[in-house]
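K.L.:
what shape does this take:
(chains A, B, C and D)
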Protein chains: 2
Amino acid sequence: MGEATEKRTRNPERTRAQILEVAFKEVFRHGFQGVSINEIIAKTDLTKGAFFHHFETKQALGYALADETLREMVLARWIRPLENYENPLVGIPEVLKKVIDATPDESIPLGCPLNNLIQEMSSVDPVFRDKLRAVLELWIEGVERQLRQAKKSGYLKKEVDPRRLAEFIVMNHEGAFGMTKIMRDRQVFRSLHASLKSYLETVMAVPA
Amino acid sequence: MGEATEKRTRNPERTRAQILEVAFKEVFRHGFQGVSINEIIAKTDLTKGAFFHHFETKQALGYALADETLREMVLARWIRPLENYENPLVGIPEVLKKVIDATPDESIPLGCPLNNLIQEMSSVDPVFRDKLRAVLELWIEGVERQLRQAKKSGYLKKEVDPRRLAEFIVMNHEGAFGMTKIMRDRQVFRSLHASLKSYLETVMAVPA
DNA sequence: GTAGCTACATACCTACTGGTATGTAGGAAG
DNA sequence: CTTCCTACATACCAGTAGGTATGTAGCTAC
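P.N.:
Numbers count the residues shown, from 1 in each chain, chains lettered A, B, ... in the order given. Next up is the predicted model:
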């Protein structure tokens, strides 16, 4: 992708970020075990030397993807948008819908990057699993915090356990992506979204 | 695993079945892309010649696992047990609970074989994806049939769409396994099970 | 200017992968 | 008893994987 053999200026952080970005896309498409370092660097203007300068092993790349890329994605796509809603029980399905609508057609069959890696790697590499779990935990706790707040504000029924509901909601997100991935049909997504929404309505506090 | 070099008696179907059985376990542990044919045959008393006699390629093995092993598992674990219940809305969470309780501790972090393969392979190999989708469709349709019956029998609210609910239920099953897989905690399973159960109660018809 | 560390590029290596070529024993058919 | 196809076993191979050894240009400190 470099225009010519220009005088190569240095920028290690940018280089590392570029590797991570390309690697993320490739892993998203082929899975972690299915992608090769050669493929990744081929989609870069870098070489193997650069790769192994920034990442000790292939595993280390995967760990960085979890610790940095996926963590940031969860915050940007799910946690922070939720904070704009007064009532998270309204916000949750709405954010989900927005993410669905913002997902381009060609990404639908790719599923959710986090879920993909969880299903593929968590039984293969325990370190990888712990890092992915930390990301998932971040997500769950973010939702849980909102639900606690909702309870205080009187939007959520008092008998509902926020942690349990948060787990259920996140699981529904992952499950919806996983299901849509194989069915290759946006309609399935909408169907599952509608089901989740109707469920959330049953746990909303009835106004006195 | 052969006792000695006994006079090797022939049994092609048995040989094929043995390969599929071992392969299933290995794929369950390491993923499809993560498992090697060498590993599979090493856990057998067979050789590479036997493997490639029964399966043209590694892909063909994967396809057979979907078409035969996974298909049969869905029927045996989810569809057929459901038929023993008068009311599927009662049967579904009960069957799920039984499967959970019957799952040994060491299998918990391995997740659901079908879901694992779906997330790993459906964006990698379109043929594999179609075969896995067929299995999932079998599951969904099995649940849907029961729900239609339940509607006729007056167990299910009339305004509920059986197909949509079936998709939601199956997605919840896969999601629950996927979530428990990474959290490594049976309690998460029970939590998700309880949430599903409470949801199903909201769609049950109120007795007149 | 230059010493020296960092950020890469190039070439190379070993292990292992899926797959093949070929040989041979089992067993039903004639 | 032989024929012949099937069901394997054995040996081998080319490609590619992750990883390394080594060289060198950019940049900072002095």
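K.L.:
stretch A:53-73 and chain B, are they touching?
P.N.:
No. On the criterion C-beta under 8 Å from any C-beta of the partner chain, stretch A:53-73 is out of touch with chain B, staying 11.4 Å away. (Glycine included, C-beta is placed from N, CA and C.)
K.L.:
and the longest helix along chain A, what does it pack onto?
P.N.:
For chain A, the helix with the greatest residue count under DSSP state H is helix A:126-152. Under the contact criterion of 3 or more C-beta pairs under 8 Å, 6 or more residues apart in numbering or on different chains; DSSP states H and E, helix A:126-152 touches helix A:58-64, helix A:71-74, helix A:80-82, helix A:88-102, helix A:113-121, helix A:162-183, helix B:162-183.
K.L.:
point out the one among the ones you listed that comes closest to DNA strand C.
P.N.:
Closest approach to DNA strand C among these (C-beta to the nearest atom of the strand): helix A:58-64, 14.0 Å.
K.L.:
hmm, A:Glu144 is touching A:Val160, no?
P.N.:
No. The pair A:Glu144 / A:Val160 is not scored as a contact, 11.4 Å apart, by C-beta atoms under 8 Å.
K.L.:
who's more crowded, those two?
P.N.:
Using other C-beta atoms under 10 Å in any protein chain shown as the criterion, A:Glu144 and A:Val160 rank with A:Glu144 on top: 20 against 17.
K.L.:
A:Gly34: how many residues sit nearby?
P.N.:
Burial measure for A:Gly34: 20 neighbouring residues, criterion other C-beta under 10 Å.
K.L.:
now do the phi/psi pair for it.
P.N.:
Dihedral pair for A:Gly34: phi -80, psi -10, per degrees, to the nearest 10.
K.L.:
so for it, what's the pLDDT?
P.N.:
As predicted, A:Gly34 sits at a pLDDT of 97.
K.L.:
please report how far it lies from B:Asp125.
P.N.:
From A:Gly34 over to B:Asp125 the distance is 10 Å, taken as C-beta to C-beta, to the nearest Å.
K.L.:
and if you look at A:Glu86?
P.N.:
A:Glu86 is 45 Å from B:Asp125, by C-beta to C-beta.
K.L.:
of these two, which one has the most company?
P.N.:
Taking neighbours as other C-beta under 10 Å, A:Glu86 and B:Asp125 compare with B:Asp125 leading, 18 against 10.
K.L.:
ok, that one touching B:Gln59?
P.N.:
Yes. B:Asp125 lies in contact with B:Gln59 (C-beta under 8 Å); the separation is 7.0 Å.
K.L.:
anything in contact with each of these two?
P.N.:
Both B:Asp125 and B:Gln59 lack any common contact, where contact means C-beta atoms under 8 Å, 6 or more residues apart in numbering or on different chains.
K.L.:
list the residues that contact the spatially closest residue to A:Asn115 that is not a sequence neighbour.
P.N.:
Setting aside the residues directly before and after it, A:Asn115 is nearest to A:Glu174 in space (C-beta to C-beta, 6 or more residues apart in numbering or on different chains), at 4.4 Å. Neighbour list for A:Glu174: A:Cys112, A:Leu114, A:Asn115, A:Ile118, B:Gly175, B:Gly178, B:Met179 [criterion: C-beta under 8 Å, 6+ apart].
K.L.:
7 Å instead?
P.N.:
A:Cys112, A:Asn115, B:Gly175, B:Gly178, B:Met179 (C-beta atoms under 7 Å, 6 or more residues apart in numbering or on different chains).
K.L.:
tell me the most buried of the helices and strands packed on helix A:126-152?
P.N.:
Neighbour counts (mean count of other C-beta atoms under 10 Å in any protein chain shown) averaged over each of the helices and strands packed on helix A:126-152 peak at helix A:113-121, with a mean of 26.
K.L.:
next one: A:Leu114, what pLDDT does it get?
P.N.:
Per-residue confidence (pLDDT) for A:Leu114: 98.
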